[in-house]
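1. Provided below are the primary sequence and the corresponding predicted coordinates.
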Amino acid sequence: MSDTKRAWKRVSAKVIRWLHLYASMFSFFVVFFFSITGITLNHPTWFGTAEEHVAESHGQLNTSWLGTAANESSENAANEVQKLEIVEFLRGEHQVRGAVSEFAIDESQCIVAFRAPGYTADAFIDRATGNFDLVQSSFGFVACINDLHKGRDSGKGWGVLIDVSAVILIFVSVTGLLLIFYINRHRNAGLITALAGTVATVAIYYWLVPR
């Protein structure tokens, strides 16, 4: 091997090792988080995620926020209802959280649904009287992180984080694989180990996963 090739090999190995190291450190918490939540998702009953805490409350809204309930088209009904005021009232007076996932309106009632990781809230509002019933359900910390793992009810920002995390993990995997080619003593053993892990994963899918 020429001196130029040796120098190129040393430099490229150093660069790949640096990239692998700092990408691994940068993504440490992401890897840790998705590893832990992989276990909690696979064994939900171990951590009490089936335990639902329900809180019901009742109240009355300002009827001027609800428009005219009788003899109007669905389009007019939706236009007359003051959605922002209703949502902010529920958040302020009843500590409702999460994003509004649905705001359904018909001639007689409004239904407002809030969703967040490990949490739901549904308000059923009578348009004629302003009376409402509110049901809030919380499923605990583990249910919250499980929903974050799946990206459910977690918003666009968290969805972007999941995508970026996936790209970083791919990068870490590829740079880790490339590094083995620079370690002559362990190259063959490392490649055989990687192949064995791949074969084992595929074998488990074909032999043990119902299809």
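-> That came through, no problem. Numbers count the residues shown, from 1 in each chain.

2. please identify the buried residues of stretch 154-162?
-> Judged by neighbour count (16 or more other Cβ atoms under 10 Å), stretch 154-162 contains these buried residues: 154, 162. Just so you know, the C-beta spots here come from the backbone N, C-alpha and C atoms, and that holds for glycine as well.

3. contact partners for V172?
-> 20, 23-24, 27 (Cβ atoms under 8 Å, 6 or more residues apart in numbering).

4. nearest to F141, of these?
-> Nearest to F141 among the contacts of V172 is S27, at 22.8 Å by Cβ to Cβ.

5. contact partners for that closest one?
-> Contacts of S27 by Cβ under 8 Å, 6+ apart are 165, 168-169, 172.

6. quick check: D153 is in a helix.
-> No: counting by DSSP: H, G, I helix; E, B strand; the rest coil, D153 is not part of a helix but coil.

7. what's the first helix or strand after the one helix or strand in the chain whose mean pLDDT sits lowest?
-> Ranked by mean pLDDT, DSSP states H and E, the weakest helix or strand in the chain is helix 74-80, scoring a mean of 58. Per DSSP states H and E, the first helix or strand lying C-terminal to helix 74-80 is helix 83-94.

8. residues touching the next helix or strand after that following helix, excluding its own?
-> Counting by DSSP H and E, the next helix or strand C-terminal to helix 83-94 is strand 99-105. With contact meaning Cβ under 8 Å, 6+ apart, strand 99-105 is reached by 74, 77-78, 81, 83, 87, 110-116, 153, 155.

9. where do the helices of this structure begin and end?
-> With helices called from DSSP state H, the chain shows them at 3-26, 28-42, 74-80, 83-94, 140-150, 155-180, 187-208.

10. which of the contacts of strand 99-105 count as buried?
-> Burial by neighbour count, 16+ other Cβ under 10 Å: within those this picks out 77-78, 81, 87, 110, 112, 114-116, 153.
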